[in-house]
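Engineer: the sequence isn't on hand, but the structure is:
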């Protein structure tokens, strides 16, 4: 068979088919994690079994991210190492195909084929539902680049994962509801690699969520490049926004927790804020990137909101849900950023008080307006500002963690702990919670009291 190897059956003296194996390495965001799972689902329907051991793989896929500096160069470096493994297997008479997927694949396209002769296929994030067909074309004698945006709905063409596949992935799952972005922030490559905003239909989302629940998933995180811009026609014929969708998802039996990421401040509407107030299922944690506290820099970034707009929005969210924890994204050293602009960012951080945050130095992404701007900030100054900002963010995160000690909360037990006798759960605020393994089974939601903080976790005892 095309997608099988044959090995002897010691009992019958015959040859029995063995599935080929695929190894997927995922870079970047949660959406790439979801995409990797769906690529694995598509390949499973085509006869491939997933492996965590790259040496065993007949197909290696790198699902890449293009957000950070030198992302493409890191991929080429990794491809060099995999090429050596491919050559070793070829010397033993075994085949290994290499594929590059994701945003670097979309951005680089045929350049990957030119620079990395060992690569057999390049496939963009909007076309990975075509992966089995691409593999068939590769086997027919050619290297394939598949990066044209698909006209069809890729989600409709993906095979549904089997219940056992979902169950193996755990009790918390990602569910992509929206892709692409129309905001065109001047620092960001996403609109060029993921395309314009597309929302999945309500019925499709609900069907996938119900399948997840049937497989034992207790917590679902909705994903999108701009997830709170999601919209779609509901079964009642009305236009639904993300808030309305969350109300409906909360009705699915078995789903005990809901989250969503990543949001844009301009798309936080009244109904979504009300969902935080009304739905115990919606966890009190909101990732809401602001990027800068300087109005001048926000304008240069094309964020189309001001720092004061962001602060007032957080006031409204906290009025709706008083225990909500805030998370954010920050970029320091954007072209033209002065000491005063940076201090505006520090002032905003102090006013908000973040439970967690992600902060980065600005790095020019090819093809974005920011890369063509004048007055780039020296690297040493970027380093200094990032160090200063991160020190404040770490201080706030540690204070938030310390405030948990003595509190009672529910915890979803997700997996065994690193140490014997422990299990690891997740707090409503996304923190790992370490408990004794005897307090419950994976998938249980238990009530605990926090006894002490860890560096990036909490220790708890059952109530």
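Structural biologist: On my side now, so go ahead. Everything numeric in this text was worked out from a predicted model, so none of it was measured.

Engineer: please make it C-alpha for all contacts and neighbour counts, starting now.
Structural biologist: Fine.

Engineer: so the closest residue to residue 408 other than its chain neighbours is in which element?
Structural biologist: Nearest in space to residue 408, with sequence neighbours left out and distances taken as C-alpha to C-alpha, 6 or more residues apart in numbering, is residue 449 at 4.3 Å. Assessed by DSSP states H and E, residue 449 sits inside strand 445-453.

Engineer: which helices and strands sit right next to that strand?
Structural biologist: helix 379-402, strand 408-416, strand 458-462 (3 or more C-alpha pairs under 8 Å, 6 or more residues apart in numbering; DSSP states H and E).

Engineer: one more pass at 6 Å, please.
Structural biologist: Where contact means 3 or more C-alpha pairs under 6 Å, 6 or more residues apart in numbering; DSSP states H and E, strand 445-453 is packed against strand 408-416, strand 458-462.

Engineer: between the ones you listed, which gets nearest to residue 361?
Structural biologist: Proximity to residue 361 (C-alpha to C-alpha) singles out strand 458-462 among these, at 29.4 Å.

Engineer: what ranges does the stretch 51-200 of the chain have for its strands?
Structural biologist: 59-64, 97-102, 121-123, 144-146, 172-176, 178-179, 198-199 (DSSP state E, counting those that start in this stretch).

Engineer: need the ones you listed in JSON lines with mean neighbour count, distance to residue 50 and mean pLDDT, can you?
Structural biologist: Shown next, in JSON lines, are the strands of the stretch 51-200 of the chain (neighbours: other C-alpha atoms under 10 Å; distance: least, C-alpha to C-alpha, whole Å; pLDDT from 0 to 100):
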{"stretch": "strand 59-64", "mean neighbour count": "24", "distance to residue 50": "10", "mean pLDDT": "93"}
{"stretch": "strand 97-102", "mean neighbour count": "25", "distance to residue 50": "14", "mean pLDDT": "92"}
{"stretch": "strand 121-123", "mean neighbour count": "27", "distance to residue 50": "18", "mean pLDDT": "92"}
{"stretch": "strand 144-146", "mean neighbour count": "21", "distance to residue 50": "22", "mean pLDDT": "88"}
{"stretch": "strand 172-176", "mean neighbour count": "21", "distance to residue 50": "18", "mean pLDDT": "94"}
{"stretch": "strand 178-179", "mean neighbour count": "23", "distance to residue 50": "25", "mean pLDDT": "91"}
{"stretch": "strand 198-199", "mean neighbour count": "20", "distance to residue 50": "29", "mean pLDDT": "91"}
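
Engineer: got CSV for those strands, with distance to residue 391 too?
Structural biologist: Shown next, in CSV, are the strands of the stretch 51-200 of the chain (distance: least, C-alpha to C-alpha, whole Å):
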stretch, distance to residue 391
strand 59-64, 29
strand 97-102, 33
strand 121-123, 39
strand 144-146, 43
strand 172-176, 31
strand 178-179, 33
strand 198-199, 37
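
Engineer: and these: which comes nearest residue 268?
Structural biologist: Of all those, strand 178-179 sits nearest to residue 268, with 15.1 Å by C-alpha to C-alpha.

Engineer: by contact count, what packs against the closest one?
Structural biologist: strand 198-199.

Engineer: mind redoing it with 10 Å?
Structural biologist: strand 198-199, strand 219-223 (3 or more C-alpha pairs under 10 Å, 6 or more residues apart in numbering; DSSP states H and E).

Engineer: contact partners of it?
Structural biologist: Residues from elsewhere that reach strand 178-179 (C-alpha atoms under 10 Å, 6 or more residues apart in numbering): 31, 125-126, 190-191, 194-201, 222-231.

Engineer: type out the PyMOL command that picks the buried ones from those residues.
Structural biologist: To isolate in PyMOL the members of the contacts of strand 178-179 that are buried, counting by 16 or more other C-alpha atoms under 10 Å, one can use:
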select buried, resi 31+125+126+190+191+194+195+197+198+199+200+201+222+223+224+225+226+227+228+229+230+231
